[in-house]
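Novice: coordinates only, no sequence provided:
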């Protein structure tokens, strides 16, 4: 499909508040997806520059998480502009649904305790290697729509078979990545914000922003399933912005306590 051609892919039962045909992808959707991609890329590059100046494990892992976020956002933009291909959707699914949250979780652990962060990163790396092969080897159970945002549940199974061998599929990796990764990120951030609220308000507020940054794309994905295509791009841009602000506030907050607890570990300068 030519990128300038009008995009109008409809799904029965899906409606938008803009008066467009159900499931229509408009110029607004495309513009918002590009904006989200640009924001995610800018933050990833900025964090990379900061890490190069002063390498720190938590900054390195969060840089990788932001890079995965950016790749997922660009895959979404290309899918909406040019129509989905196997490669663009698998990239969108792997980096957005499988890789991003575990990397954020490993980065949060490293910010609390560097030694534990190194162990967490080894586990995440092994997990993502298996998830990558599952995502790019698993067959689609249904064809991809040419331009609307596909749902993982519509194109992937929880398992797939290679000859006589049954293997875990991308949906299983996405479910575990989302559940465990979100639990770690939100759990650490919530504990830190509660324990530091009275002693370091900036640290607590930074962790609250991190929680909101994790929640925003999840909400956008839920609304997208109801036919609100533009909401996903907006939620991606909002999510990465909140994560960036929260990371900056939490990693630069200072406290008089030594780094023996979660909240003290968050006081390392970025």
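Specialist: Structure received. Since this is a predicted model, take the numbers as computed values, not measurements. Numbers count the residues shown, from 1 in each chain.
Novice: could you use CA atoms for every contact and neighbour count after this?
Specialist: Noted.
Novice: mind listing the strands for the stretch 51-200 of the chain?
Specialist: 159-162, 165-168 (DSSP state E, counting those that start in this stretch).
Novice: and the helices in the stretch 101-250 of the chain?
Specialist: Taking DSSP state H, counting those that start in this stretch as the test, the helices found in the stretch 101-250 of the chain are 114-137, 152-155, 170-196, 201-224, 229-252.
Novice: what is the neighbour count of residue 231?
Specialist: Applying other CA atoms under 10 Å, we find 20 residues neighbouring residue 231.
Novice: same check, this time on the one 10 residues further on
Specialist: Burial of residue 241, expressed as a neighbour count using other CA under 10 Å, amounts to 20.
Novice: how much space between the nearest residue to it once chain neighbours are set aside and residue 205?
Specialist: Leaving aside its sequence neighbours, residue 241 sits nearest to residue 213 (CA to CA, 6 or more residues apart in numbering; 7.2 Å). Note on residue 213: its distance to residue 205, by CA to CA, to the nearest Å, is 12 Å.
Novice: repeat for residue 248
Specialist: Following CA to CA, the distance that separates residue 248 from residue 205 is 11 Å.
Novice: and the two? Which one has more around it.
Specialist: Taking other CA under 10 Å, residue 248 and residue 205 do not tie; residue 205 has more neighbours (22 against 18).
Novice: low-confidence ranges in the protein?
Specialist: Residues of the chain meeting the criterion pLDDT under 70: 1-27, 29, 146-147, 220-230, 254-270.
Novice: coming back round to it: wait, which of the strands of the stretch 51-200 of the chain is closest to residue 197?
Specialist: strand 165-168 (41.8 Å; CA to CA).
Novice: who are the packing partners of the helix or strand residue 50 falls within?
Specialist: According to DSSP states H and E, residue 50 maps onto helix 27-53. The contact analysis (3 or more CA pairs under 8 Å, 6 or more residues apart in numbering; DSSP states H and E) places helix 27-53 against helix 57-82, helix 229-252.
Novice: tally of neighbours for the residue nearest to residue 38 when sequence neighbours are not counted?
Specialist: Closest residue to residue 38 apart from its sequence neighbours, by CA to CA, 6+ apart: residue 70 at 7.8 Å. Neighbour count of residue 70, defined by other CA under 10 Å: 29.
Novice: residue 70 and residue 37 touch, don't they?
Specialist: Yes - if you go by CA atoms under 8 Å, residue 70 and residue 37 touch, sitting 5.8 Å apart.
Novice: quick one: closest of the helices and strands packed on helix 27-53 to residue 179.
Specialist: It is, among these and with distance given as CA to CA, helix 57-82, at 16.4 Å.
Novice: residues of that closest one that come out buried?
Specialist: Within helix 57-82, the residues that count as buried by 16 or more other CA atoms under 10 Å are 57-82.
Novice: and it, what does it pack against?
Specialist: Helix 57-82 is packed against helix 27-53, helix 86-93, helix 100-112, helix 114-137, helix 229-252, with contacts defined by 3+ CA pairs under 8 Å, 6+ apart.
Novice: what angle separates that helix from helix 114-137?
Specialist: Here the directions of helix 57-82 and helix 114-137 differ by 20 degrees (axes from the mean of the first three to the mean of the last three CA atoms, to 10 degrees).
Novice: would you mind confirming that residue 160 is in contact with residue 138?
Specialist: Yes - using CA under 8 Å, residue 160 makes contact with residue 138 at a distance of 6.1 Å.
Novice: returning to what we had before: chain center to the helix holding residue 50, what's the gap?
Specialist: Its chain's C-alpha centre and that of helix 27-53 lie 13 Å apart, by CA atoms, centre = their mean, to the nearest Å.
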